[in-house]
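J.: Here is a sequence together with a model predicted from it:
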Amino acid sequence: MQKRSFQTKVLPDNINVTIQRARGALRAFRLACVLSAMAITILILYPWLEASALLRFRQGQRLISTLFHRIMQTLLGLRISAKGVPSSIRPLVIVANHVSWLDIIVISSLLPAIFVTKREVAGWPVFGRLAKLKPSIFVDRNRRLQILETINSISTALGAGEAVAIFPEGTSTDGTVVLPFRSALFGAVRETLHSAEHLPAIFIQPVSVVYVGPKRRLAAWAREDETPFVSHLVQVVGLRRIDVALSWEDPIPADINADRKVLAKRLEEAVRHSVSETTAKEGLLFGTPQDLDSGSSDETLQIRPAAERL
């Protein structure tokens, strides 16, 4: 009985070039479509958001902001797998680890909140203005007086019954580690309870954000000031799909006697445990701040500028 030999046919170089060009054209077409859809969404919703802010119609701001972030979630291909639910308690402080500017879209698509974000965001093209109208609280952590003003702004928002979201790490990472939480902004809890005597405590809900799947590295925006926002936006649009695991943990009450440093440590441990659980479930590596200090040779435990990951 004769054996049949099978040979793999190699496509001619000109056909390979044609295929590559076709794929490139499709990527460019998709990029144009998504960016156009984003622009149209902004053009439609911006006047309503501006009017709501001008009229101080907070409910309108919440509705438009939630709608905007859900549309962005769809356009950017964010597939969110949520564990737990956002607390309905108000006022509420949300604390989360910070991996990318996408974190705000992920959280805001499920819960309208006022985000405390770095001052530079206010200067971003288009999105900076949207962040102001959302509204947002901007902070410059390098200026002590600015931090005190931020604490007062957070306290005012909480006193009005808002949900305020904070990234206490003070920077973003590549998602393989949770950095120590800075405690300064938790001073807003005591400030709020001093001025709002009817509130026995402020509830704080820990949240973990973990990007999973093969594109998780490209979704991260570690040390965000190393790579321009627009460049990373274009990169993210080209990914087509990004999987995100979002975990809402049980809210923790903090009364007027709560020590902000102890509170920050407790919340840090809750978020780190949540991230560790998710990464273990997904079969991903997860490090600790000590891994960074010890100069681990495993690149998955490094916080690197986005430009070095591409």
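T.: On my side now, so go ahead.
J.: Do a quick rundown of the helices in the protein.
T.: Using DSSP state H, the helices assigned to the chain run over residues 13-54, 58-75, 102-108, 127-133, 144-159, 187-195, 216-219, 229-237, 260-281, 289-293, 306-309.
J.: Would you reformat the ones you listed as a markdown table and include distance to V116, mean pLDDT and mean neighbour count?
T.: (C-beta placed from N, C-alpha, C; glycine too.) Listed next are those as a markdown table, based on distance: least, C-beta to C-beta, whole Å; pLDDT from 0 to 100; neighbours: other C-beta atoms under 10 Å:
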| stretch | distance to V116 | mean pLDDT | mean neighbour count |
| --- | --- | --- | --- |
| helix 13-54 | 18 | 87 | 13 |
| helix 58-75 | 15 | 94 | 18 |
| helix 102-108 | 11 | 96 | 23 |
| helix 127-133 | 11 | 85 | 17 |
| helix 144-159 | 7 | 91 | 18 |
| helix 187-195 | 9 | 95 | 20 |
| helix 216-219 | 22 | 89 | 20 |
| helix 229-237 | 18 | 88 | 17 |
| helix 260-281 | 14 | 95 | 18 |
| helix 289-293 | 22 | 53 | 14 |
| helix 306-309 | 22 | 33 | 15 |
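J.: so can I have CSV of those showing distance to V177?
T.: Output for the helices of the chain, formatted as CSV (distance: least, C-beta to C-beta, whole Å):
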stretch, distance to V177
helix 13-54, 31
helix 58-75, 25
helix 102-108, 15
helix 127-133, 26
helix 144-159, 24
helix 187-195, 25
helix 216-219, 14
helix 229-237, 20
helix 260-281, 9
helix 289-293, 6
helix 306-309, 15
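J.: Looking at these, spot the one closest to I114.
T.: helix 144-159 (5.2 Å; C-beta to C-beta).
J.: now the angle from that closest one to helix 187-195?
T.: 50 degrees (axes from the mean of the first three to the mean of the last three C-alpha atoms, to 10 degrees).
J.: tell me what helix 144-159 is packed against?
T.: Using 3 or more C-beta pairs under 8 Å, 6 or more residues apart in numbering; DSSP states H and E, the elements in contact with helix 144-159 are strand 114-118, strand 136-139, strand 163-166, helix 187-195.
J.: From E282, how far off is the nearest residue to L76 once chain neighbours are set aside?
T.: Take L76 and drop its neighbours on the chain: the residue closest to it by C-beta to C-beta, 6 or more residues apart in numbering is V236, 6.0 Å away. From V236 across to E282, the span is 20 Å (C-beta to C-beta, to the nearest Å).
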